[in-house]
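1. Give me coordinates for this.
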Amino acid sequence: MPIARSYPVQLTPKGLCDAYDSSQAFPGACRALTNLIFDRGNPELVVSRPGVGAAVTTFAGFTTPTFVSVFITIGAMVYGMVSTGRNPGFDEPFAYNLLTNLFVTISGVNSANVPASPATSGAWTPPTMAVISTKIIVTHPGFSGVGAGFFGVIDISTPATPAWSAANTATNALPGVPTSVANFNNRAWFSVANIDYFSDVLAPTTRTNATQSVTLGDTTPITAQSGLPVTTTSSGVLGALIVFKGTQIWQITGDITTNNLALNFISLTTGCIAPRSISQVPFGIVFAGLDAPYVLSFLGALSALTHQLGSQTDADLQVPFQNATVPSRMAASFAGNIYRVCVPTSISGVAQTNDYWFDIRRMRWNGPHTFAYDCAAEQGNGFILSGASQGAALFSSASAPAQNSVYNDAGTQLNVSLASSTFPKTNHMAQLQVIESTQELTSTGTPVNYNITAVDEKGNTLNSTYVMTQAVGGVWGTGTWGSGLLWSSTVNVPQVYTVPWSAPLVFQKMALSITATSSSSLSIGTFYARYQDTGYTGQG
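-> All right, here's what the predicted structure looks like:
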């Protein structure tokens, strides 16, 4: 006798979360959206993440380059530090033009003014860089503090002929090697232990008065600094320097020249131990806290980075940050509409380094993505990345697919994997049965093979099958007259395919897994199923 009652259920992938079950998370919650990002024009689709392809540069011409420890982008120029054999065991500065794909020689480098190269793994104090006037200031754990070696200076007053030197502040020297530097009010702010020392205006290597410093709270050290515009009810938008400790956040405003230099605490319980996780985004500063990613708004409000900013609900993604194995090795940046952060972590007891993207239009996460890095910077709508696992190399990473996108990372073909949280949780207290289901999939130009697996809440496979999409049209510019190929755009239009399960799916809760090879043709949309109550609560 057929079971009369049936109910529709859908899964439209909406974002990444920690939850195994979607019922208390959000509809469309996924445990993995590996190498999948949100389609810009279709809110129901996820598409392949564009790969980084071949390196922009592998530092040809340098003597045995091994590791890029820090860099920043200024327009089309990348300035940074790389370990080489020029002075074995030491870093040297570099300047690379992304438009000409050529290095610009930096003069003044010698064995006495370069920092020792840092380790490529384990906890570290990451180098930092900041631009003040015509100088780029470099803090680096490899500076010894002996003689002039407290921090590095790249003079870019003549961009075609930059010059390097090592220095300490003139007139009033810093008492120790700084761990970070930031630009605030056109001054260089150097953190040494729990004190921020600041230079003269537009003169980052001079500190005229011994009083040019601010002591922040207790003796715990400053870990990072970042500028932030602050909105006030009385004075409009003001500039502020946000200073982080391990469990504290402080705000510096004003200046000594205007007699309004002020220090206020934002939090004495939340801080940041991942200096490179800090990025400015359109609604504030995002950073990794001890238990979750946080956002500090322009109003000075601190809250978890959630789908609804300012709410006190749990962040969708917390576990990777809570289980971070080396927080100081996290790296993040913001470009386009993406805040991305690479996290060395442990998930379900497995050590891994994962790249997570937070889309500020959808206010949801996707990932984990499979290209690891420990330094990142904005470049237009994309990113420049480097990582110890790739040696001395810079990679360009787009935030969205384009016509010329490639789908490999340093030559390794990308594969995508969607793994949903379990669904549905019903109030029927019965095993469920699915016979009919459909899946929205697309392909443009070439067929794509999607492997589809249904699992129960214990991870046991219920059934596996595949769907091969039809070759629909072609990509602009690839057809020739008379070839019989139908013209189409590069935009994927989803089609509904029947999922050919070989047997009914019987479960209380199920999760869906879809895997495929990455390409411009791929996108995944809504899964639909019609389930029925079986009339019994469990299987023997």
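
2. Gly445 and Ser521 touch, don't they?
-> Yes: shown here, Gly445 and Ser521 form a contact pair, counting by CB atoms under 8 Å, at 5.8 Å. From N, CA and C alone the C-beta is placed, and that goes for glycine too.

3. how close does Leu433 sit to Gln379?
-> No Leu there; residue 433 is Gln. 52 Å (CB to CB, to the nearest Å).

4. Which helix or strand contains Leu241?
-> Counting by DSSP states H and E, the element that carries Leu241 is strand 236-245.

5. Look up phi and psi at Asn451.
-> phi -90, psi 130 (degrees, to the nearest 10).

6. May I have the residues that are in contact with it?
-> Ser464, Thr465, Tyr466, Ile514, Thr515, Ala516 (CB atoms under 8 Å, 6 or more residues apart in numbering).

7. Let's see the ChimeraX selection covering just the buried ones among these.
-> A single ChimeraX command selects the buried members of the contacts of Asn451 (16 or more other CB atoms under 10 Å):
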select :514,515,516
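
8. I'd like to know which of the contacts of Asn451 are part of strands.
-> Ser464, Thr465, Tyr466, Ile514, Thr515, Ala516 (DSSP state E).

9. Isn't the fifth one up against Val448?
-> No: look at Thr515 against Val448 with CB under 8 Å: they stay out of range, at 11.2 Å.

10. Any idea how far stretch 171-178 is from the middle of the chain?
-> On the basis of CA atoms, centre = their mean, to the nearest Å, stretch 171-178 sits 33 Å off its chain's mean C-alpha point.

11. Quick check: end-to-end length of it?
-> With CA to CA, to the nearest Å as the measure, stretch 171-178 spans 17 Å from end to end.

12. which residues touch that stretch?
-> 139, 141, 143-145, 149-151, 168, 190-193, 197, 206-210, 212.

13. Buried ones in that stretch, by neighbour count?
-> Applying 16+ other CB under 10 Å to stretch 171-178 flags Asn172, Leu174, Val177, Pro178 as buried.

14. same check, this time on stretch 16-24
-> Buried residues in stretch 16-24 (16+ other CB under 10 Å): Leu16, Cys17, Asp18, Ala19, Ser22.

15. Of those residues, just say which sits nearest to Cys30.
-> Leu16 (5.7 Å; CB to CB).

16. nearest residue to the closest one other than its sequence neighbours?
-> Trp365 (4.1 Å; CB to CB, 6 or more residues apart in numbering).

17. ok, that neighbour - how many residues close by?
-> Neighbour count of Trp365, defined by other CB atoms under 10 Å: 26.

18. Spit out the contact partners of it.
-> Gly15, Leu16, Cys17, Asp316, Leu317, Tyr356, Trp357, Phe358, Asp359.

19. For the helix or strand hosting it, the averaged confidence score.
-> Trp365 belongs to strand 364-369 when assigned by DSSP H and E. The average pLDDT within strand 364-369 is 98.

20. List of residues touching the helix or strand following it?
-> Using DSSP H and E, the next helix or strand after strand 364-369 towards the C-terminus is strand 375-379. Here strand 375-379 makes contact (CB under 8 Å, 6+ apart) with 68-73, 78, 80, 98, 276, 331-335, 340, 342, 383-387, 396.

21. So Thr208 sits against Asp200, correct?
-> Yes: Thr208 lies in contact with Asp200 (CB under 8 Å); the separation is 5.4 Å.

22. Show me which of the ones in strands among the contacts of Asn451 is closest to Lys425.
-> Ile514 (21.2 Å).

23. Show the model's pLDDT score for the closest one.
-> For Ile514, the model assigns a pLDDT of 98.

24. State the distance from it to Pro13.
-> The value you get for Ile514 to Pro13, if CB to CB is used, is 9 Å.

25. what is in contact with the two at once?
-> Leu418, Ile524.

26. In contact with Gly80: list those residues for me.
-> Gly80 neighbours (CB under 8 Å, 6+ apart): Val68, Ser69, Val70, Phe71, Ile72, Pro93, Phe94, Met129, Cys375.

27. What score does the fourth one have for pLDDT?
-> Note for Phe71: predicted pLDDT of 98.

28. Look at it and tell me its secondary structure.
-> strand (DSSP: H, G, I helix; E, B strand; the rest coil).

29. any idea how far the spatially most central residue of the chain lies from Leu418?
-> In the chain, the residue lying closest to the centroid (CA atoms, centre = their mean) is Arg340, at 1.7 Å. Arg340 is 19 Å from Leu418, where distance means CB to CB.

30. picking that back up, higher neighbour count, Thr208 and Asp200?
-> Neighbour count, other CB under 10 Å: between Thr208 and Asp200, Asp200 has more, with 18 against 13.

31. Isn't that one up against Asn186?
-> No: look at Asp200 against Asn186 with CB under 8 Å: they stay out of range, at 9.2 Å.

32. Run the chain-centre distance for stretch 533-540.
-> 44 Å.

33. Give the rounded mean pLDDT of that stretch.
-> On average, stretch 533-540 scores 73.

34. and Phe321, which of the three is it?
-> Assignment for Phe321 (three-state DSSP): helix.

35. which residues does it contact?
-> So Phe321 contacts Ala288, Gly289, Leu290, Asp291, Ala292, Pro293, Val343, Thr345 (CB under 8 Å, 6+ apart).
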